[in-house]
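*Asks:* okay, predicted coordinates and the sequence, questions at the end:
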Amino acid sequence: MPVPILCARRQALRSMLGLSISAMSGVYAPHVWASETYPVRPIRLVVPYAAGGGPDIQTRKLGELLGKELGQPIVIENKVGAGGMLAAEYVSQQRADGYTLLLGASTHIAQKLLQPNARFDPAAFTHISRIGVSPALLIVRADAPYRTLEELIAATRRMPGSLNYASGGIGSAAHIAGAAFVSATGVDALHVPYKGSVEIVPALIKGDAQFAFPVAGTAMPQINNGKVRALAITSAARNPMLPQVPTLNEALGRTDLVLDSWSGIWAPAQLPRPVVLRLHAAIHKALADTGLRRFYADSGSLIAPSATPEEFSRQITEEAAKTRQVIDKNHITLE
């Protein structure tokens, strides 16, 4: 056999072996996962909130812009239940190909801390970028007899055990904020968990609950339409959209009541790096839209993307430590 042909065959064999080894070791060939070829079909973004709620509406608006950046539609899929765990478990079991994403949130951290045996691990997801942060708002029905935070606290002390606070479920952002408030003030109020945040305001209107701590994205539309009234906010500073509403910290002098929820985009573990970077860049461009930023601000939220995927992972680790402190200090359990 001529030497040039033999050398060519050996080189081809080396290339084949190299490709096989790369595939087995998790290193994807550039032509397979090149960022310029992704995506080639619609992308599902699984949202752990009910359709029509503030976080769902925010995500749909982001999805429209993100779809334009990626050249493929973003299909929002609401998967509600178990405090967001159903959505997280579902996405964690999907292929790491960039076509199934999750709206990860601080509630997922809390749920994992409350249920260590849950079939997902927030740390094991591919963290792409944080989207934004949102404080919780202490709200009451618009015609409630207590018009200030002090009046609400006084009412709970006059009638111990007679006032309830609603949340979207055990371990939800509204529950964490409510439990921290009850513990810090020493009031006697019963927690009433519902199946989702969209049920909080109806519970107040019906009188099944007297106050609640929904995130701003859920509360602001109801405040604007006059159904509920805000008495306080959990952010570190007053919100420009509600300048008359005091923070819990300034009203009570409790820095431990400064609590913000956050949301971001997660994907199944081991998403190829080029796809991670493609999604991260597209998310940043979408979040730069002035109309979207205005919409988030009007909802009482702040767009706050992570500079890098690694920064997002660090933020999640830090938030997990903070959430564990709140859960432990306030003795929050699923019982």
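*Replies:* Received it, and whenever you're ready, just let me know what you need.
*Asks:* and the strands in this protein, which stretches?
*Replies:* Secondary structure of the chain (DSSP state E): strands at 43-47, 74-78, 100-105, 126-135, 137-141, 163-167, 189-193, 211-212, 228-233, 260-267, 302-303.
*Asks:* mind listing residues that contact the third one?
*Replies:* When contacts are taken as Cβ atoms under 8 Å, 6 or more residues apart in numbering, the neighbours of strand 100-105 outside the stretch itself are 43-49, 55, 59, 84, 87-88, 91, 94, 122, 125, 127-128, 131, 173, 261-268, 279. The C-beta positions use only the backbone N, C-alpha and C, and glycine is treated the same way.
*Asks:* and those, which of them are buried?
*Replies:* Among the contacts of strand 100-105, those classed as buried by 16 or more other Cβ atoms under 10 Å are 43-49, 55, 59, 84, 87-88, 91, 122, 125, 127-128, 131, 173, 261-268, 279.
*Asks:* what's the average pLDDT for stretch 42-52?
*Replies:* For stretch 42-52, mean pLDDT rounds to 93.
*Asks:* now do stretch 209-220
*Replies:* Average pLDDT, stretch 209-220: 93.
*Asks:* what ranges does the chain have for its helices?
*Replies:* Here the chain has its helices, by DSSP state H, at 3-24, 30-33, 54-70, 85-92, 106-114, 149-158, 173-185, 200-206, 216-224, 248-252, 273-287, 290-298, 309-329.
*Asks:* make a markdown table out of these and add distance to Leu231.
*Replies:* Shown next, in a markdown table, are the helices of the chain (distance: least, Cβ to Cβ, whole Å):
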| stretch | distance to Leu231 |
| --- | --- |
| helix 3-24 | 58 |
| helix 30-33 | 51 |
| helix 54-70 | 18 |
| helix 85-92 | 31 |
| helix 106-114 | 22 |
| helix 149-158 | 5 |
| helix 173-185 | 11 |
| helix 200-206 | 12 |
| helix 216-224 | 11 |
| helix 248-252 | 9 |
| helix 273-287 | 31 |
| helix 290-298 | 20 |
| helix 309-329 | 20 |
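*Asks:* mind checking which of those helices is nearest Pro39?
*Replies:* helix 54-70 (5.6 Å; Cβ to Cβ).
*Asks:* for the closest one, name the packing helices and strands.
*Replies:* Here helix 54-70 touches strand 43-47, strand 74-78, strand 100-105, helix 216-224, helix 273-287, helix 290-298, going by 3 or more Cβ pairs under 8 Å, 6 or more residues apart in numbering; DSSP states H and E.
*Asks:* turn these into CSV, including distance to Met241.
*Replies:* Listed next are the helices and strands packed on helix 54-70 as CSV, based on distance: least, Cβ to Cβ, whole Å:
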stretch, distance to Met241
strand 43-47, 24
strand 74-78, 25
strand 100-105, 21
helix 216-224, 7
helix 273-287, 19
helix 290-298, 6
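*Asks:* who wins for proximity to Ser197 among the ones you listed?
*Replies:* Of the helices and strands packed on helix 54-70, nearest to Ser197 by Cβ to Cβ is helix 216-224, at 4.7 Å.
*Asks:* now stretch 63-79: mean pLDDT?
*Replies:* On average, stretch 63-79 scores 97.
*Asks:* how far does it sit from its chain's centre?
*Replies:* Put simply, stretch 63-79 sits 17 Å off its chain's centre (Cα atoms, centre = their mean, to the nearest Å).
*Asks:* what distance separates stretch 149-159 from the centre of its chain?
*Replies:* How far stretch 149-159 lies from its chain's middle: 31 Å, per Cα atoms, centre = their mean.
*Asks:* please enumerate residues in contact with that stretch?
*Replies:* In contact with stretch 149-159 (Cβ under 8 Å, 6+ apart) are residues 138, 140, 145-146, 163, 185, 187-189, 211, 231-232, 246, 248, 251-252.
*Asks:* which of those count as buried?
*Replies:* 138, 140, 146, 163, 185, 187, 189, 211, 231-232, 246, 248, 251-252.
*Asks:* kindly reformat these as JSON lines containing distance to Ile200.
*Replies:* Output for the buried ones among the contacts of stretch 149-159, formatted as JSON lines (distance: Cβ to Cβ, whole Å):
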{"residue": "Leu138", "distance to Ile200": "12"}
{"residue": "Val140", "distance to Ile200": "11"}
{"residue": "Tyr146", "distance to Ile200": "17"}
{"residue": "Leu163", "distance to Ile200": "15"}
{"residue": "Thr185", "distance to Ile200": "20"}
{"residue": "Val187", "distance to Ile200": "19"}
{"residue": "Ala189", "distance to Ile200": "15"}
{"residue": "Phe211", "distance to Ile200": "10"}
{"residue": "Leu231", "distance to Ile200": "15"}
{"residue": "Ala232", "distance to Ile200": "16"}
{"residue": "Pro246", "distance to Ile200": "21"}
{"residue": "Leu248", "distance to Ile200": "18"}
{"residue": "Ala251", "distance to Ile200": "22"}
{"residue": "Leu252", "distance to Ile200": "22"}
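*Asks:* how near is the spatially most central residue of the chain to Met159?
*Replies:* In the chain, the centroid-proximal residue (Cα atoms, centre = their mean) is Ala105; its distance is 2.2 Å. Separation of Ala105 from Met159 (Cβ to Cβ, to the nearest Å): 34 Å.
*Asks:* can you check Pro135 too?
*Replies:* Separation of Pro135 from Met159 (Cβ to Cβ): 28 Å.
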